[in-house]
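Visitor: coordinates only, sequence not included:
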């Protein structure tokens, strides 16, 4: 019998996942929001395409009613969240329909910044000091004993959305007044200056089978909130830095209870003590075209491998990722002043990908030579800042690149 995989997508991503499921002989269903209906989804690989108002993708019981209605005449074998915002919704639906996969409790560790911090702390994983924005006495004690500045983070947003830096205790209280009843949905954390890293992995049967470690040029929060050029590139293989990140990443994945799938974790290396600290983890492929950068460095497509392992589990088969090459790639992205900037002057032979998106400019460069990649992304960032860069403050509800 042909297995059916239903995908939820509140953001335009995951086309390669759907294509691979179809290539592997599955029936595919996509539910997305009305504003994404006309995006370049791989229609040839989608058997049924449904749209809902954006708010209804998360609203209960609306989404449960909608998927349960589909299940009256379709046997849904797997339910996949393609974006961060769909992770908890998909977990709720799996619980309701009794479909195998990540359940509600585990999904909290990959969406709720408070839940993942408490779990990490309880498992002995190094993490910046934090406090739940709930009890005012606890908040006062935290700010009196943990030197500022601090960062106020929404518990369930994606990436750097909604994060605010708080320099002094007196700055916090007006913000909480503004948040009103929403303030308990936040966590206050010590601001740790340092380089920020991301680790992208494939997990099968609780084992990390594939990992790439990379370092951002600027912390994503700094780029998203203050403007600038987004840069990232994978680290040299086998170095002490990479091995430390790999080990800490395995600890985090085990602590959060990931059984199978793709993960994107972020860590910071403190300027003060040189140690790595866990920041957050998501049960998804990294966004902002990081997946393409990883593919150009290693030859491994994270979306397709995620699809392969889900189908393998469904069919009770074994799974192993393909052999990965150990080369290097770097990603550079920025907002652009012009709607469709002319990037023809960027013509190095190592340039393997150009971003095609209105009011954006972006490139991926790849080479067996780590130093060459670093040289290119550094020079590209400087040129982009001069030639194209625009700075726009994030709007309410706006997603990062």
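Guide: Here it is on my side, so go on. In this text, all values refer to a predicted model and were calculated from it rather than measured experimentally. Numbers count the residues shown, from 1 in each chain.
Visitor: distance between the ends of stretch 333-350?
Guide: Using C-alpha to C-alpha, to the nearest Å, the end-to-end distance of stretch 333-350 comes to 16 Å.
Visitor: and the contacts of that stretch?
Guide: Stretch 333-350 is contacted by residues 227-230, 288-289, 354-355, 358-363, 365-367, 372-373, 376, 380, 383-385, 387-392, 401 when judged by C-beta atoms under 8 Å, 6 or more residues apart in numbering. The C-beta positions use only the backbone N, C-alpha and C, and glycine is treated the same way.
Visitor: kindly recompute the last result at 6 Å.
Guide: Under the contact criterion C-beta atoms under 6 Å, 6 or more residues apart in numbering, stretch 333-350 has outside partners 229-230, 358-362, 365, 367, 376, 384, 388-390, 401.
Visitor: go on, stretch 42-56?
Guide: 15, 18-19, 22, 27-34, 37, 62.
Visitor: please enumerate the helices of the stretch 101-250 of the chain.
Guide: Assigned by DSSP state H, counting those that start in this stretch, the stretch 101-250 of the chain shows helices spanning 104-109, 113-122, 136-145, 169-179, 220-226, 240-256.
Visitor: what angle sits between the longest one and helix 113-122?
Guide: The one in question is helix 240-256. 110 degrees (axes from the mean of the first three to the mean of the last three C-alpha atoms, to 10 degrees).
Visitor: other SSEs contacting helix 240-256?
Guide: strand 194-204, strand 207-216, strand 276-282 (3 or more C-beta pairs under 6 Å, 6 or more residues apart in numbering; DSSP states H and E).
Visitor: pull out the buried positions in the second one.
Guide: This means strand 207-216. 208, 210-216 (16 or more other C-beta atoms under 10 Å).
Visitor: go on, stretch 169-177?
Guide: 172, 176.
Visitor: per-domain residue ranges of this structure.
Guide: 4-101, 129-190, 194-387 (automatic domain parsing).
Visitor: quick revisit: can you put the helices of the stretch 101-250 of the chain in JSON lines and add distance to residue 327?
Guide: Below are the helices of the stretch 101-250 of the chain laid out as JSON lines (distance: least, C-beta to C-beta, whole Å):
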{"stretch": "helix 104-109", "distance to residue 327": "33"}
{"stretch": "helix 113-122", "distance to residue 327": "32"}
{"stretch": "helix 136-145", "distance to residue 327": "45"}
{"stretch": "helix 169-179", "distance to residue 327": "45"}
{"stretch": "helix 220-226", "distance to residue 327": "24"}
{"stretch": "helix 240-256", "distance to residue 327": "14"}
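Visitor: returning to what we had before: so which of the helices and strands packed on helix 240-256 comes closest to residue 68?
Guide: strand 276-282 (26.8 Å; C-beta to C-beta).
Visitor: what's the angle from that closest one to strand 194-204?
Guide: 50 degrees.
Visitor: who are the packing partners of whichever helix or strand comes after strand 276-282?
Guide: Sequence order places helix 290-298 as the next helix or strand after strand 276-282, per DSSP states H and E. Other helices and strands packing on helix 290-298, by 3+ C-beta pairs under 6 Å, 6+ apart, are strand 328-335, strand 360-367.
Visitor: picking up where we left off before, ok, so of the contacts of stretch 333-350, who is nearest residue 237?
Guide: Using C-beta to C-beta as the measure, the one of the contacts of stretch 333-350 that approaches residue 237 most closely is residue 367, at 13.8 Å.
Visitor: what's the most distant pair in the contacts of stretch 42-56?
Guide: 19 and 62 (28.6 Å).
Visitor: out of these two, which sits in the busier spot?
Guide: For residue 19 versus residue 62, neighbours defined as other C-beta atoms under 10 Å are more numerous around residue 19 (18 against 14).
Visitor: so what's that one closest to, chain neighbours aside?
Guide: residue 45 (4.5 Å; C-beta to C-beta, 6 or more residues apart in numbering).
Visitor: need the helices and strands packed on helix 240-256 in a markdown table with distance to residue 311 and mean pLDDT, can you?
Guide: A markdown table is the format used below for the helices and strands packed on helix 240-256 (distance: least, C-beta to C-beta, whole Å; pLDDT from 0 to 100):
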| stretch | distance to residue 311 | mean pLDDT |
| --- | --- | --- |
| strand 194-204 | 12 | 97 |
| strand 207-216 | 16 | 98 |
| strand 276-282 | 22 | 97 |
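Visitor: how about those strands, which one is nearest residue 139?
Guide: strand 276-282 (20.9 Å).
Visitor: helices and strands around that closest one, which ones?
Guide: Counting by 3+ C-beta pairs under 6 Å, 6+ apart, strand 276-282 packs on helix 240-256, strand 261-270.
Visitor: that strand pairs with which strands?
Guide: In the sheet, strand 276-282 lines up against strand 261-270 (antiparallel) (DSSP bridges).
Visitor: so how far is the partner strand off the chain centroid?
Guide: Centre-to-centre, strand 261-270 and its host chain are 9 Å apart (C-alpha atoms, centre = their mean, to the nearest Å).
Visitor: and the angle from that strand to strand 207-216?
Guide: Counting by the same axes, to 10 degrees, strand 261-270 lies at 40 degrees to strand 207-216.
Visitor: just the buried subset of the contacts of stretch 333-350, please.
Guide: Judged by 16+ other C-beta under 10 Å, buried ones among the contacts of stretch 333-350: 229-230, 360-362, 365, 367, 376, 384, 388-389, 401.
Visitor: pick out the most distant pair among these.
Guide: Pairwise over those, using C-beta to C-beta, the maximum falls at 367 and 389, 24.5 Å.
Visitor: could you give me the buried positions within the host helix or strand of residue 28?
Guide: If you go by DSSP H and E, residue 28 is part of strand 27-33. Using 16+ other C-beta under 10 Å as the burial criterion, the residues of strand 27-33 that qualify are 27-33.
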